[in-house]
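**Student:** 3D, please:
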Amino acid sequence: MSGRALRWMWSLAHRSNVAGGPRLVIVRHHRVYGNGERPLYRLGVSERVLDAQLALLAARGLAPLTVSDGLAWLAGARSGRRVAMTFDDGYRDNVERALPLLERHGARATFYLTAGLIEERRAPWWDRLTWLLEHAAAPNASWEVEGRILALDVRDRAGRARALAALLPLLRVPPDLMERRLHELGGTLRVRDEAPCDLATWDECRAFVECGMELGAHTLSHPFLTTLSAERQQAEITGSVERIAARLAVRPRGLAYPGGDHDAASVAAAARAGLEHAVTTRRGDVTPGAGRYELLRRGLSDGACLGPTGAFSRSLALAELDGAFDRLRGAEAAS
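**Tutor:** Numbering: from 1, shown residues only. Modelled structure (predicted):
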């Protein structure tokens, strides 16, 4: 029996427990894919699953809030639960697909924008990597990196998926080294064209403001912050805040650490930039007294919500929101 089937069976017996003090569940999303899309590196949720999530939450009186509104509620609450929803990076599909669904279900959300990439129309590094794997003129090549030879056979989807898994850890490095490695990889695979930028333009981002959504910062260029000096971290975070304020006339109140990667210098930089909160990718709920610059979030991907038949499962989605599988995932991570 598959892990998905086991989780689904477990979720049928799960009973939500909202007793105790108040808590805020912050849902983490990125892209919103068209139904049937099969990207090599899936960083998001399908349109139909997001629609089902929002319908489920609205039916239970939990239509999502922005992070700032959720934190304001939490500060004065004595019991209960609220849900905030977030979208990282600032993709065009957030405007085209997420916004209409949020409005239809009476929901709001916080969108964290990678301001420098939006400004320069540069694709994020993971999109550039998948572009190289999918457009290789030399689909069977060897690349020397970190003193070893990495065999890359990207002639079919399975090979590209294997290559992607091997390459992702090699790009968790400082930006200068990342750029050099992407350039070398492109030469090895003989890819001539640059990856297109699927992030929204500034004009498109204005729709977030016009629809009453909250804007947050997501740095300028989406680096792994802990690979940078404190000064460069400050420049990435403050620069993102100032760019968004200049282009959209709205000053962000919050930050999402790229990839969740942060340290004490990142927290200090967020505070100095005048931000009121920062979210991580660490799993869990936000309770009164939680550190405002290390807020927990919960992923709610297609895989977390689809039952064994591939249909949306209300019980699975609710169990995920309740953290029913936290201990199981903790044990898996430790094994």
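**Student:** Please make it C-alpha for all contacts and neighbour counts, starting now.
**Tutor:** Fine.
**Student:** roughly how far out does the longest helix anywhere in the chain sit from the chain middle?
**Tutor:** What stands out as the longest helix in the chain, according to DSSP state H, is helix 230-248. Computed by CA atoms, centre = their mean, to the nearest Å, the separation of helix 230-248 from the middle of its chain amounts to 19 Å.
**Student:** Find the residue ranges of the stretch 101-250 of the chain scoring beneath the pLDDT cut-off.
**Tutor:** Low-confidence segments of the stretch 101-250 of the chain, defined by pLDDT under 70, are absent.
**Student:** that older thread, any buried residues in the longest helix of the chain, and which?
**Tutor:** If you call a residue buried by 16 or more other CA atoms under 10 Å, then helix 230-248 has these buried ones: 230, 233-244.
**Student:** Keeping just the C-alphas, turn the top strand by length along the chain into CSV.
**Tutor:** Under DSSP state E, the strand in the chain containing the largest number of residues is strand 81-89. Coordinates of each C-alpha in strand 81-89 appear next as CSV, following Å, rounded to 0.1, in the frame of the first residue of the first chain:
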residue,chain,number,x,y,z
ARG,A,81,-8.1,29.1,14.6
ARG,A,82,-7.6,31.2,11.5
VAL,A,83,-5.8,30.5,8.3
ALA,A,84,-3.6,32.9,6.3
MET,A,85,-2.4,32.1,2.8
THR,A,86,0.8,33.0,1.1
PHE,A,87,2.4,32.8,-2.3
ASP,A,88,6.1,33.1,-2.8
ASP,A,89,8.1,34.5,-5.7
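**Student:** Need the mean per-residue confidence for that strand.
**Tutor:** Averaging the model's pLDDT scores along strand 81-89 yields 98.
**Student:** Could you tell me how far that strand lies from the centre of the chain?
**Tutor:** 10 Å.
**Student:** so after that strand, what's the next helix or strand?
**Tutor:** helix 92-93 (DSSP states H and E).
**Student:** Packing partners of the longest strand of the chain?
**Tutor:** strand 23-29, helix 67-76, strand 110-113 (3 or more CA pairs under 8 Å, 6 or more residues apart in numbering; DSSP states H and E).
**Student:** Show me the contact partners of the first one.
**Tutor:** Same thing as strand 23-29. Strand 23-29 is touched from outside by 44-45, 67, 70-71, 74, 79-88, 281, 284-288, 296-301, 321, with contacts defined as CA atoms under 8 Å, 6 or more residues apart in numbering.
**Student:** Derive a PyMOL selection command for the buried subset of those.
**Tutor:** Restricted to the buried members of those, where burial is judged by 16+ other CA under 10 Å, the PyMOL selection command reads as follows:
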select buried, resi 44+45+67+70+71+74+81+82+83+84+85+86+87+88+281+284+285+286+287+288+296+297+298+299+300+301+321
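**Student:** Now the residue in the chain sticking out farthest from the centre: phi and psi?
**Tutor:** The C-alpha centroid of the chain is most remote from Gly147, which lies 32.1 Å away (CA atoms, centre = their mean). When quoted as degrees, to the nearest 10, the phi and psi of Gly147 stand at phi 80, psi 10.
**Student:** how big is the angle separating the longest strand of the chain from strand 23-29?
**Tutor:** 30 degrees (axes from the mean of the first three to the mean of the last three CA atoms, to 10 degrees).
**Student:** which other residues reach strand 81-89?
**Tutor:** With CA under 8 Å, 6+ apart as the test, strand 81-89 has contacts from 18, 22-31, 62-67, 70, 94, 108-114, 199, 218, 256.
**Student:** and Asn35, what does it touch?
**Tutor:** Contacts for Asn35 were tallied using CA under 8 Å, 6+ apart; they are 46-48.
**Student:** could you show me where the helices are in the stretch 51-200 of the chain, in order?
**Tutor:** Listed in chain order, the helices of the stretch 51-200 of the chain (DSSP state H, counting those that start in this stretch) span 67-76, 92-93, 99-104, 115-120, 125-134, 157-167, 175-189.
**Student:** want to throw those into JSON lines with distance to Asn35?
**Tutor:** Conversion of the helices of the stretch 51-200 of the chain to JSON lines gives the following (distance: least, CA to CA, whole Å):
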{"stretch": "helix 67-76", "distance to Asn35": "27"}
{"stretch": "helix 92-93", "distance to Asn35": "12"}
{"stretch": "helix 99-104", "distance to Asn35": "14"}
{"stretch": "helix 115-120", "distance to Asn35": "25"}
{"stretch": "helix 125-134", "distance to Asn35": "19"}
{"stretch": "helix 157-167", "distance to Asn35": "19"}
{"stretch": "helix 175-189", "distance to Asn35": "30"}
